[in-house]
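S.K.: with the input below, show me the fold.
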Amino acid sequence: MSDKDSEIEDKLIDLEIRLTHQEDHIQSLDDIIYKQDQLLSALLEKVKQMDEKLKSNGENNILSVEDESPPPHY
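M.R.: So this is what the prediction gives:
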């Protein structure tokens, strides 16, 4: 094998190694995105539930200004 062939083979091996690292990195980023999407969906559902609960309670839990007692520092 000539020096030129050896050099080409070394470059090819280096490129294969880089490609493998990039594929691993892309896969790990894809996993992170998937987990974040799942978390975001769960959080959005929780916010939706809380919003519905607040709306269902309506103004039943809100006292009028006249019924409110003054804060303790008064």
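S.K.: for the chain, give me the ranges with low pLDDT.
M.R.: 59-65, 74 (pLDDT under 70).
S.K.: swap in 90 and give it another go.
M.R.: The model of the chain has pLDDT under 90 over residues 1-3, 53-74.
S.K.: and for the residue nearest to residue 1 when sequence neighbours are not counted, the neighbour number?
M.R.: Spatial nearest neighbour of residue 1, excluding adjacent residues (Cβ to Cβ, 6 or more residues apart in numbering): residue 9 at 7.9 Å. Heads up, the C-betas are built off the backbone N, CA and C, glycines and all. By the measure other Cβ atoms under 10 Å, the count of residues near residue 9 is 11.
S.K.: for residue 18, see how far away residue 9 is.
M.R.: Separation of residue 9 from residue 18 (Cβ to Cβ, to the nearest Å) stands at 15 Å.
S.K.: how close does residue 2 get to residue 9?
M.R.: 10 Å.
S.K.: ok, now residue 35?
M.R.: From residue 35 to residue 9 the distance is 40 Å (Cβ to Cβ).
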